[in-house]
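[1] Sharing a model that was predicted from the sequence below.
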Protein chains: 2
Amino acid sequence: MSTKAVNQKFLALADPARLDIVRRLARGPQTAGQLAQPYSISRPAISRHLRVLREAGIARAEVRGREWWYSINTEGLQDAGSWLDEVQAMWSTALQSLKEYVEDQND
Amino acid sequence: MSTKAVNQKFLALADPARLDIVRRLARGPQTAGQLAQPYSISRPAISRHLRVLREAGIARAEVRGREWWYSINTEGLQDAGSWLDEVQAMWSTALQSLKEYVEDQND
DNA sequence: CTAATATGTAACATCTATGTTACATATAGT
DNA sequence: ACTATATGTAACATAGATGTTACATATTAG
């Protein structure tokens, strides 16, 4: 996962409307229309939010007739999760090294 | 974790400079000056990036003399990770329900 | 074939984020 | 005390994100 790609994913999650959409998609696939319904902002605005999620690889769309069925792209979400895990693993290692260093100083 | 707080964390990670800073902080604590060094953008710009990370609860700063030592706030990072995990768990459950439904239809 | 429906895209306005320079503050060195 | 260093903050310019309305496209209904 390139830094740029990870960044794009976090950017996609950095908006309250999109965060909410992802949460709702987690309960199951929905059409663009269903997804747009609960919000006060215009449908085209939601349409673009959906595009951002698609382009970030966090959501997928399957066109069936005139409806676009959206669902979550688990792998895309996992990429963001992996990045976080990696950083935390690095941090644990750094902490461990620091701890050993301090202990050596005290001997 | 409120949606707003989670959003703030993803927003903090939605910038290439900040993403890079977090990655570097994972290797161990550093001062603001050290963190600013590698970048072509001005030091005040980095200073504000650091502030964004602090306010999102992703980094912490400890003032020692005239230096500000930055380090990662693991809990803050974990909040973002937990949100992702939760969404993925919801999605798994939804998939499972769908699968059972389809199987019932085929009996 | 025509009308209605579902949805994306384009063009434009506006709010927000990010970068810059200038300045304030506080600590360390001489 | 006086100067240099480390760093944050304020004010402002500009780039980028987000919202709106108008329009294009494609599919279903009658």
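    Structure's in. What do you need?

[2] can you pull the buried residues of whichever strand or helix holds residue A:95?
    Secondary structure here is read from DSSP states H and E; on that basis residue A:95 sits in helix A:74-106. Along helix A:74-106, these residues count as buried under the neighbour rule (16 or more other C-beta atoms under 10 Å in any protein chain shown): A:74, A:76-81, A:83-84, A:87-88, A:90-91, A:94. (C-beta placed from N, C-alpha, C; glycine too.)

[3] what sits up against stretch A:21-32?
    Among residues not part of stretch A:21-32, those counted as contacts by C-beta atoms under 8 Å, 6 or more residues apart in numbering or on different chains are A:13, A:35, A:43, A:46-47, A:49-50, A:53, A:58-59, A:61, A:67-72, A:77, B:87-88, B:90-91, B:94, B:97-98.

[4] is any part of that stretch close to DNA strand C?
    Yes. In terms of C-beta under 7 Å from any atom of the strand, part of stretch A:21-32 sits within range of DNA strand C, namely A:31-32.

[5] Just the buried positions in that stretch, please.
    Counting neighbours by 16+ other C-beta under 10 Å, one finds that the buried residues in stretch A:21-32 are A:21-26, A:29-30, A:32.

[6] I'd like to know which of those are part of helices.
    For the buried residues of stretch A:21-32, the ones inside helices are A:21-25, A:32, with DSSP state H as the criterion.

[7] residue contacts, residue A:91?
    Residues counted as contacts of residue A:91 (C-beta under 8 Å, 6+ apart) are B:25-26, B:72, B:74.

[8] which among those residues gets closest to DNA strand D?
    Nearest to DNA strand D among these: residue B:25, at 12.8 Å, using C-beta to the nearest atom of the strand.

[9] What are the phi and psi values at the closest residue to residue A:12 other than its chain neighbours?
    Ranked by C-beta to C-beta, 6 or more residues apart in numbering or on different chains and with sequence neighbours excluded, the top spatial neighbour of residue A:12 is residue A:56, at 3.6 Å. In terms of degrees, to the nearest 10, the main-chain angles of residue A:56 are phi -90, psi -10.

[10] any idea how far residue A:56 lies from residue A:11?
    Plainly put, residue A:56 is 7 Å away from residue A:11 if you go by C-beta to C-beta, to the nearest Å.

[11] hmm, back to that, surely the residue nearest to residue A:12 meets residue A:15?
    No. Residue A:56 is beyond contact range of residue A:15, at 11.1 Å (criterion: C-beta atoms under 8 Å).

[12] ok, the two, which is more surrounded?
    When residue A:56 is set against residue A:15 and neighbours are counted by other C-beta atoms under 10 Å in any protein chain shown, the residue ahead is residue A:56, at 23 against 17.

[13] pLDDT score for that one?
    At residue A:56 the predicted local distance difference test score is 98.
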